[in-house]
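1. Sharing a model that was predicted from the sequence below.
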Amino acid sequence: MRCLNPPVKLVPLGDWDCPDCLLPPPSDMPSIVQKPVAVPEEGNLVSKIHAIQADSTLTDGEKAKRRQELMSKGLVTNYSAEASSANGDKKSADGNKRNATLEMMDNSLNCIFCLQLAERPVTTPCGHNFCLKCFQRWVGQGKKTCGKCRAAIPAKMATNPRINSALVMAIRMARSVVNSNSGPSKVYTYRDNDSRPDKCFTTSRAVKTGKANACSGKIFVTIAPDHFGPITAEYDPTRGQGVLVGECWEDRMECRQWGAHLPHVAGIAGQSDYGSQSVALSGGYEDDEDHGEWFLYTGSGGRDLSGNKRTNKEQSFDQKFDKMNEALRVSCKHGYPIRVVRSHKEKRSAYAPDAGVRYDGVYRIEMCWRKKGVQGHKVCRYLLVRCDNEPAPWTSDEHGDRPRPLPVVKELKSATDVFERKSSPAWAYTEGVGWGWSREPPASRKTSGGGPSEATQKRKQLSVQQRLLKEFGCNACRKVLDQPISVPCGHNFCKSCLDSVFSSQDSRERKGVSGRTLRTQKVVKRCPNCKIDISEFLVSPQIMNQQKLKRKQPNWKSPCL
DNA sequence: GGGCCCGCAGGG
DNA sequence: CCCTGCGGGCCC
């Protein structure tokens, strides 16, 4: 429900927040149910509109007139308890070839309670749809069954409802069919990344799962790694469309390949002296608080990573505004756009996708501060508010964000180190134009992901003679090989050179400043040339005879050349 | 489902 | 070069 710009949708429950201004509607807002208009059994609104569109005897003008007539009777569909296919019930399995969207449009798109097109729709296993707010209110009253058919609502769903994004799309399409003369005005694509790079397996484990492929594999977009803002079509040579809001990937590795969020473990991408380009909401920090159009994000750090851990749920010291946390503060200071991806691993948010990782558009950090986190140690906090020209994946709006006043954040009362932007933001809204750069975006300090790498360019400059010397000499002493040893990565060394390199190496135990044990370093013996671990090979290295060496050479493609 | 492990990318 | 990280597979 919007509390601005009448006509206002009237709903029975007075606790909606306006998605534009993020505030509850005024207390004097009338609380009346808009009376639904009865719909004949034979067909619902959307299928009727389809029939009109398909009628070849009508001109475009006549079609538009018919649609208007239908619309004037009321935007109420036939909600006669037909299960939607959104939960993958039997209907879609037993050979029904219609796609999910069409099927859902034939069923009810309306909320069971407020009888309007569901806003942020949630679908129960019995197939009935609710607005998120209506659902939360219903469950909050202690109800454990569907308000329509009394089927049980699973406990998990009651505590963690998820927005049905397929239904959002159906509603959006239904609206655009109704509102325009030429069918849907916009095509929203969800795609699976079916194309995988064909190289870069590194470990046997990775070969098995194919994950290292994505990890070190090709980045499909040509943005520089420190590129700010949306990834537009000009950076997408493979598809020519850019990264669209709502695009989904299987996991963080695949998300990385499309540039939306590059780090594959860390939640924050950025540089402390430059700014942060993107963040991931993936449930790693329990202080996070997601409201869709805005959310409260927690900084990184403050955790004990001893014992070779990559993450740790427990916080054992305070976070500071340094490293990635400082990068976020820099983006706040300048008002840079920050790409946001949500992961299915964020279990407590209704706005997270059911599976995989989804790009949700750009947000701006309006302010940041520190507060005591739920685990008792101080955490850095950031208020991010959406500012994208595309509508969010959970709303059936056809337009993107408008500037909105900041939400009321209760925890600010007890916050310290509060930081707010003082100058005008670099990413700003212009009436009639939308969101965009109000000044030059920060110049990239890195090369774009598309062009040839520095290594490739360097390779071209090497003469044939230099390349031969590099390939057939000892890679340590640069002389002709004496007692040649060819390590698994293909580099050649004199036996004596290799021995002397590793004679000084030993395993190391390290201590951190606070006395805690840091991650024990793996005892790695790396090829002096390309740093590949050759410790296993070194257990019993074999000296190559010249024949073997010659046979081996053609297969060797040095990564250093 | 929870704990463990560890390759990898990228910051500093 | 070392440190850090909201992954993801595997084992139990």
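-> That came in fine, so what should we check first? Numbers count the residues shown, from 1 in each chain, chains lettered A, B, ... in the order given.
2. drop to CA atoms for contacts and neighbour counts, all remaining ones
-> OK.
3. and chain A, which residues reach DNA strand C?
-> Applying C-alpha under 7 Å from any atom of the strand, we find that chain A lies next to DNA strand C at A:205, A:208-209, A:211, A:251-253, A:263-268, A:280-285, A:288, A:297-303, A:305, A:309-311, A:343, A:346, A:512, A:518.
4. Would you mind giving the domain segments of chain A?
-> For chain A, the TED database gives the domain ranges A:105-174, A:201-301+A:316-437, A:467-501.
5. Need those in a markdown table (columns: distance to DNA strand B).
-> What follows is the domains of chain A, written out as a markdown table (distance: least, C-alpha to the nearest atom of the strand, whole Å):
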| stretch | distance to DNA strand B |
| --- | --- |
| domain A:105-174 | 10 |
| domain A:201-301+A:316-437 | 3 |
| domain A:467-501 | 13 |
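6. Mind putting those into TSV with mean neighbour count?
-> Below are the domains of chain A laid out as TSV (neighbours: other C-alpha atoms under 10 Å):
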stretch	mean neighbour count
domain A:105-174	20
domain A:201-301+A:316-437	20
domain A:467-501	18
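7. If you average pLDDT over each of the ones you listed, which is lowest?
-> Across the domains of chain A, domain A:467-501 has the smallest mean pLDDT, namely a mean of 62.
8. which residues does A:Cys111 contact?
-> A:Leu117, A:Ala118, A:Glu119, A:Pro121, A:His128, A:Asn129, A:Phe130, A:Cys131 (C-alpha atoms under 8 Å, 6 or more residues apart in numbering).
9. how much space between the fourth one and A:Val385?
-> Read it as A:Pro121. 21 Å (C-alpha to C-alpha, to the nearest Å).
10. thinking again about what came up before, among the contacts of A:Cys111, which pair sits farthest apart?
-> Largest separation among those by C-alpha to C-alpha: A:Glu119 and A:His128, giving 13.5 Å.
11. Doesn't A:Glu398 lie inside a helix?
-> No. Counting by DSSP: H, G, I helix; E, B strand; the rest coil, A:Glu398 falls outside a helix, being coil.
12. ok, A:Arg348 touching A:Arg162?
-> No. A:Arg348 lies out of contact with A:Arg162 (C-alpha atoms under 8 Å); the separation is 9.2 Å.
13. any idea which helix or strand comes after the longest strand anywhere in chain A?
-> Criterion DSSP state E: the longest strand present in chain A is strand A:357-372. Moving toward the C-terminus from strand A:357-372, the next helix or strand (DSSP states H and E) is strand A:378-386.
14. Mind giving me the packing neighbours of that following strand?
-> Using 3 or more C-alpha pairs under 8 Å, 6 or more residues apart in numbering; DSSP states H and E, the elements in contact with strand A:378-386 are strand A:294-298, strand A:357-372.
15. which residues are in contact with the very next helix or strand once past the first one?
-> Next along the chain after strand A:294-298, taking DSSP H and E as the criterion, comes helix A:323-334. The set of residues external to helix A:323-334 that reach it, using C-alpha under 8 Å, 6+ apart, is A:268-277, A:299-300, A:321, A:337-338, A:364-368, A:380, A:420-426.
16. Would you mind extracting the C-alpha trace of helix A:323-334 into PDB?
-> Extracted in PDB, the C-alpha atoms of helix A:323-334 (Å, rounded to 0.1, in the frame of the first residue of the first chain):
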ATOM      1  CA  LYS A 323      40.100  -3.000   5.500                       C
ATOM      2  CA  MET A 324      36.800  -4.000   3.900                       C
ATOM      3  CA  ASN A 325      34.800  -2.200   6.600                       C
ATOM      4  CA  GLU A 326      36.700   1.000   5.700                       C
ATOM      5  CA  ALA A 327      36.000   0.300   2.000                       C
ATOM      6  CA  LEU A 328      32.300   0.400   2.700                       C
ATOM      7  CA  ARG A 329      32.700   3.600   4.700                       C
ATOM      8  CA  VAL A 330      34.400   5.200   1.700                       C
ATOM      9  CA  SER A 331      31.500   4.200  -0.500                       C
ATOM     10  CA  CYS A 332      29.200   5.700   2.000                       C
ATOM     11  CA  LYS A 333      31.200   8.900   2.100                       C
ATOM     12  CA  HIS A 334      31.100   9.400  -1.700                       C
END
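17. What angle do strand A:357-372 and it make with each other?
-> 90 degrees (axes from the mean of the first three to the mean of the last three C-alpha atoms, to 10 degrees).
18. what angle separates helix A:323-334 from strand A:294-298?
-> Compare the direction of helix A:323-334 with that of strand A:294-298 by the same axes, to 10 degrees and you get 140 degrees.
19. for chain A, longest helix please?
-> For chain A, the helix with the greatest residue count under DSSP state H is helix A:165-179.
20. Can you name every helix or strand that it contacts?
-> Judged by 3+ C-alpha pairs under 8 Å, 6+ apart, the packing partners of helix A:165-179 are helix A:45-54, helix A:100-106, strand A:121-123.
21. Pick out the shakiest of the ones you listed, pLDDT-wise.
-> helix A:100-106 (a mean of 42).
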